[in-house]
Structure formats: structure tokens, C-alpha cells
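# Have a look; sequence and predicted model below, questions after that.
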Amino acid sequence: MAIKGLSKPIVGKYANSNGTVTYSEPTVASKAVEYSIAWTVGDNNPLYADNNIAENDKGTFQSGELTLQTADLPQELSLLILGTKQITDRVGTGGDSSVTVQVWDDSQNAPYLGFGIIELHQEDDVDSYRAVFLNKVFFNIPENAATTRGETIEWQTPSIIATIQRSDEVSSNKSHPWMEDAWFETESAAIEWLEFKCGKEQA
């Protein structure tokens, strides 16, 4: 099986009430170009006996890092995932013209979110869709970069990094999860599951 595509990054606002985790306002976060996840895991701690490993305190999840590259990072998305704010400012010194301005200041506070994305796989000429859900993330302030246009257009797409943490959820079948995934035959079914995970109410 090989990966041949990526689509539909989706986020939902995260809330915790004494270990009961809920999500709300599921939103498609632009269009996916590329993503990667890197994990930080504690070291294994083996006990040697009779010249072999007799027991092993296995390394466990500590944190993770999501790198997401999207087609664009519009102002509306920054407001949602980075906790910035909007104000109305005047254009120039005269007249009644105004513009909506995004402000990055000491009040900026990135919210906790659930995050989902869909990988497109193929095996034996059959497509399948892996929906990946990260239970609790927060996005870091992205870097700004751009290159001037030349004779041909060089497409430039922004990247943003999020920190992955354990969820606060504790239930009969989950204990502080940090990632879930599920496989689907269609993209629409994968989207439906991720939107549900991110807080979309069922009809």
C-alpha cells in the first residue's frame, strides 16, 4: 500500500470538563499540501539479567509535533487557530474608508484544538482513505516568507507547526489519547468521521 494524496485538514475547538472532552465548531482549515508528524518518546529502560534483557520499562509518548503545509493561511483561519484578534482601522488620514486588521499582541493565545486530515492510499488499484485525528494540539506562531515573482510563477505555500499533547479524556476505552485513525472506502465517509470528531452534531 502506498500514499498518493492528502486532503481536508479539519479543526475543532477543544474543551475539557473534569476529564470529559468535547469539540465544537468543526472547520476545514484551508487545503492540504503536505503534513508530517514527529513523536518524542521516552527512552527504553531495560533490566539485564543472565546476560539478556529480562524486563523493559518501555519508552512512552511525551509529545509530538505536527507540521502542516496548506494552500494558504487566510486571516479567518489565523483567528481561529492562533487566537489573534481583529480590529477595524482607518485607511489613510481622511475619508471614511476602513480595513479589517489582524492584530498580534500580548493577548494572542492559541486555543487547544482537535485536528484531522485524510491520507489517500492505493493498494491493488483500489483507493482507501485513512482519516487521522489528533486529539489535542495547539498551533505556534508561523514564520513569514515570500519570494518575488519571476518569469514563471513559483508557487509558495505556508507551513505552520503545532504541538501535540495528550488529551484530558479518560473513559472506559480511552486514557489520555493523542491520536486516532480510521480507514474508509470513500473520502466523504472519512470527512464525516473527522467532522464528527471535531464536534459536528449528528442530524
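Ah, there it is.
# The longest strand belonging to the chain - which strands sit beside it in the sheet, and in what orientation?
In the chain, taking DSSP state E as the definition, the longest strand is strand 2-17. Each strand that pairs with strand 2-17, with its direction, by DSSP bridges: strand 20-28 (antiparallel), strand 113-123 (antiparallel).
# Of all these, which one is nearest residue 72?
The closest of those to residue 72 is strand 20-28. By Cβ to Cβ, the value is 12.4 Å. C-beta: built from backbone N, CA, C; applies to glycine.
# C-terminal to the closest one, what's the next element?
Toward the C-terminus, strand 20-28 is succeeded by strand 32-41 as the next helix or strand (DSSP states H and E).
# packing partners for the helix or strand following that next one?
As assigned by DSSP H and E, the chain's next helix or strand after strand 32-41 is strand 45-49. Applying 3 or more Cβ pairs under 8 Å, 6 or more residues apart in numbering; DSSP states H and E, we find strand 45-49 packed against strand 52-57.
# ok, whatever helix or strand comes next after the strand it packs on: who's next to it in the sheet?
Sequence-wise, the next helix or strand downstream of strand 52-57 (DSSP H and E) is strand 61-70. Using DSSP bridges, the strands paired with strand 61-70 are strand 32-41 (antiparallel), strand 159-164 (antiparallel).
# CA atoms of whichever helix or strand comes after the last one as CSV?
The element immediately downstream of strand 159-164 (helix or strand, assigned by DSSP H and E) is strand 179-184. Output of strand 179-184 as CSV, limited to C-alpha atoms (Å, rounded to 0.1, in the frame of the first residue of the first chain):
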residue,chain,number,x,y,z
MET,A,179,-4.0,10.1,18.1
GLU,A,180,-6.8,8.0,16.5
ASP,A,181,-7.1,6.8,12.9
ALA,A,182,-9.8,5.0,10.9
TRP,A,183,-10.0,3.7,7.3
PHE,A,184,-12.8,4.3,4.9
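# which residues are in contact with strand 179-184?
Residues outside strand 179-184 that contact it (Cβ atoms under 8 Å, 6 or more residues apart in numbering) are 37, 64, 128-135, 164, 190, 193, 197.
# Now do the buried residues in the longest helix along the chain.
For the chain, the helix reaching the highest residue count under DSSP state H is reported as helix 187-197. Neighbour-count burial for helix 187-197 flags 187, 190, 191, 193, 194, 195, 196, 197 (criterion: 16 or more other Cβ atoms under 10 Å).
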